[in-house]
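> Give me a 3D structure for the following:
(one chain, ligands or ions: 1)
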Amino acid sequence: NQTIVLASRPQGEPSADQFRFETGALPQPAAGQVLLKTRYVSVDPYMRGRMNAGKSYVAPFEVGQPISGGIVAEVVESQHDQLPVGSVVVGNLPWQEYSVSDGAGLTRIPTDKAPISYFLGLLGMPGLTAYFGLLDICQPKAGETVVVSGAAGAVGMVVGQLAKIQGARVIGTAGSDEKVAYLKKLGFDEAINYKTANIAEALAAAAPAGVDCYFDNVGGAITDAVYNNLNKNARIAICGQISMYNATEVPVGPRPEGKLLTTSSLMKGFIVSDYHSRWPEGVARLSEWLAEGKLHAEETITEGFDQIPAAFLGLFKGENTGKAIVKMA
Ligand code: NDP
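Presented below is the predicted three-dimensional model:
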């Protein structure tokens, strides 16, 4: 039974050296427990923050201890009343081929509604992040202009599609021409390759009527450009700042307060767990739109337990389109 532990804390950009594979005995479930076989592992940008020491909204990973995150697993042995063999669950579990659990924090998921990996993406944490951040904070109205950065990623692709469902005009930024083409296919009105375009000019051209809603996944220069195009009463959801997660110095740049002041804009940061009590509502709505063909889920799936660190590191190089997932062989 293989486990991936945090070998050391990164300075700046993480590398494969930060991960160590350890082999142990297959754990045995005690009374009230299940043995879980890992089926799909989610790699997520927020895990970069957990690799640092110090306080944040989730506890840091400990050096020498297993890394954990979103996992879809199958019950292969059971001493648990509610989780018989064959049940499929999603939850926060260690990066291990097999693990034991008493079921706390696990959610049983249907196997006949959608591919089970969707519960790590569109129907899971990233989809819910898009759902609450966009609909609760940005509140786009028909005809308004919505910009989403990191648009071709797990959260961004859902944000753009939900904004289209609301009748908004949607502009996305992403890091390659392939991703730009993908976003157009998905129904985005405009998509900008921030690596090759002059972002300030491209954004002004793509949003001639200004920006009413901004869903920020990345921060940095893209976000600075958006602030120059805000309309009166714009709403900004700060979801992520991936362009700065590997920064070794506090990033400085244009300060947006003056723009917020003169446009009467609202900016709000949020964590998807703020909405924990409403997750069932979110999953139900997203599932409906998926079933109606109004939402599409893109996944970049790599295969093999040994590929988990590489898939995680790939997030910072833009290797994924849609949700980055590792499937167990
Ligand atoms: P993604 O699937 O979007 O993967 C990360 C993507 O970020 C990459 O594919 C890459 O795309 C882009 N990226 C990487 N480095 C940079 C950079 N320096 N500048 C701009 N873009 C970069 O991840 P998620 O959809 O899971 O997460 C998106 C954001 O949302 C993250 O910031 C994450 O931390 C945040 N988040 C926040 C949550 C919350 O509760 N607030 C919950 C879930 C996620 P490209 O090719 O376009 O560069």
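
> Now the biggest strand by length in the chain: buried residues?
Taking DSSP state E as the criterion, the chain has its longest strand at strand 68-78. Residues of strand 68-78 classed as buried: S68, G69, G70, I71, V72, A73, E74, V75, E77, S78 (neighbour count, 16 or more other Cβ atoms under 10 Å). Any C-beta I mention is one placed from the backbone N, CA and C, and that applies to glycine too.

> Can you give the distance of that strand from its chain's centre?
Averaged C-alpha coordinates place strand 68-78 at 20 Å from its chain's average position (Cα atoms, centre = their mean, to the nearest Å).

> quick one: is that strand near the ligand?
No. Counting by Cβ under 6 Å from any ligand atom, the ligand is not contacted by strand 68-78; separation bottoms out at 10.0 Å.

> same question for that strand, mean pLDDT?
This predicted structure assigns strand 68-78 an average pLDDT of 98.

> same question, stretch 151-169
Mean pLDDT, computed over stretch 151-169, is 98.

> so how far is the first residue of stretch 117-137 from its last?
The first and final residues of stretch 117-137 sit 27 Å from each other (Cα to Cα, to the nearest Å).

> Adjust the sequence numbering to begin at 59 for everything that follows.
That works, and once the first residue is 59, the last one we named lands at stretch 175-195.

> anything in it near the ligand?
Yes. Looking at stretch 175-195 against the ligand by Cβ under 6 Å from any ligand atom, the contacts come from P184, T187.

> And that stretch, what's buried?
Taking 16+ other Cβ under 10 Å as the neighbour-count basis, stretch 175-195 is seen to contain the buried residues 175-195.

> Quick one, grab the pLDDT at S114.
In the predicted model, S114 carries a pLDDT score of 87.

> quick one: it is in a strand?
No. According to DSSP: H, G, I helix; E, B strand; the rest coil, S114 belongs to no strand; its state is coil.

> Spit out the contact partners of it.
The contact partners of S114, taken as Cβ atoms under 8 Å, 6 or more residues apart in numbering, are G107, R108.

> how close does it sit to E339?
When distances are taken as Cβ to Cβ, to the nearest Å, S114 and E339 turn out to be 27 Å apart.

> any idea how this protein splits into domains?
Under automatic domain parsing, the residue ranges defining each domain of the chain are 60-179+355-385, 183-331.

> mind showing which ranges of the chain have poor pLDDT?
Low-confidence segments of the chain, defined by pLDDT under 70, are absent; every residue clears the threshold.

> show me where it has helices.
Counting by DSSP state H, one finds helices in the chain at the ranges 104-108, 183-190, 212-223, 235-244, 257-264, 278-285, 315-321, 337-349, 366-372.
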